[in-house]
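# just coords:
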């Protein structure tokens, strides 16, 4: 298996809250969620949360190959909680959270888990691409985003509307009828999308944060097949370069309304033998 990884922060000089890592038989990608500069109740921060959870999850799914991925995620969430529940307020509404994509290869099968709006792209030997994305956050967001999307990205009015949107969004987090994401509560893992595919049918597996999938699902200037072609020919770095190029052409979000002009973007591309 060949591994290619690239990741860029949304803005120069700010923490990259994405995390991705791989072993010979497993990989994880997490996209930390928080509001830059806002109170989270956690002294460590969002980047620490996503990196710590990601490292523990990768260790758990590797060390316990027979344990279901959702159970491994619940175990990792408990472990992270134990690391900072005595120093941080984990009941705070804006406590750090993270999306999760995890894959494990064993016994001829690829197992996968997706929680939150990061994506898993599977390419098979017949040239067919399958994308697994948890759209529940998007579905909730569409009902709430109107005032945000009507304003120029980066303006003071946009920042105020975005803060209010994110505040309201927390009311739907890890609640029935809302969306599910990794945070302080292990029960969120029960609501992850899980499945499996025969390894022999696959040529590549790609884990991407929503900052890396913008060409397809936000800007709609590329297809998943075209995205795969870029990854195959030039790797994740070229994909992220193209994302930044499109973002730079619409910095105020007038053509493509969005919360942040540039988002943390990560792509982890696994080429199978």
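Nice, I can see it. From a predicted model like this one, the values you see are computed outputs, not experimental measurements.

# check which helices and strands the lengthiest helix in the chain sits against.
Ranked by number of residues, the top helix in the chain under DSSP state H is helix 46-63. Where contact means 3 or more Cβ pairs under 8 Å, 6 or more residues apart in numbering; DSSP states H and E, helix 46-63 is packed against strand 18-23, strand 26-33, helix 69-84, strand 97-106. C-beta here means a position set from N, CA and C on the backbone, and glycine is covered the same way.

# tell me which of these is the most buried.
Most buried of those, by mean neighbour count (mean count of other Cβ atoms under 10 Å): strand 26-33, with a mean of 28.

# tell me the angle it makes with strand 18-23.
Between strand 26-33 and strand 18-23, the angle comes out at 170 degrees (axes from the mean of the first three to the mean of the last three Cα atoms, to 10 degrees).

# what's strand 26-33 packed up against?
Right, strand 26-33 is packed against strand 18-23, helix 46-63, strand 97-106, strand 202-208, strand 265-271 by 3+ Cβ pairs under 8 Å, 6+ apart.

# all strands of the stretch 51-200 of the chain, in order?
97-106, 109-115, 119-124, 129-133, 193-198 (DSSP state E, counting those that start in this stretch).

# most tightly surrounded among these?
strand 97-106 (a mean of 25).

# chain center to that strand, what's the gap?
9 Å (Cα atoms, centre = their mean, to the nearest Å).

# could I get the helices and strands packed on strand 26-33 as JSON lines with mean pLDDT and distance to residue 224?
Formatted as JSON lines, those follow (pLDDT from 0 to 100; distance: least, Cβ to Cβ, whole Å):
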{"stretch": "strand 18-23", "mean pLDDT": "98", "distance to residue 224": "19"}
{"stretch": "helix 46-63", "mean pLDDT": "97", "distance to residue 224": "24"}
{"stretch": "strand 97-106", "mean pLDDT": "96", "distance to residue 224": "15"}
{"stretch": "strand 202-208", "mean pLDDT": "98", "distance to residue 224": "10"}
{"stretch": "strand 265-271", "mean pLDDT": "98", "distance to residue 224": "13"}
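
# dump these into TSV; add distance to residue 174 as well.
Listed next are the helices and strands packed on strand 26-33 as TSV, based on distance: least, Cβ to Cβ, whole Å:
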stretch	distance to residue 174
strand 18-23	20
helix 46-63	15
strand 97-106	8
strand 202-208	22
strand 265-271	23
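
# who wins for proximity to residue 2 among these?
strand 265-271 (4.3 Å; Cβ to Cβ).

# adjacent strands (with direction) for that closest one?
Sheet pairing of strand 265-271 (DSSP bridges) gives strand 2-8 (antiparallel), strand 202-208 (antiparallel).

# let me know which of the ones you listed is tucked in deepest.
Ranked by mean neighbours (mean count of other Cβ under 10 Å), the strands paired with strand 265-271 are led by strand 202-208, with a mean of 23.
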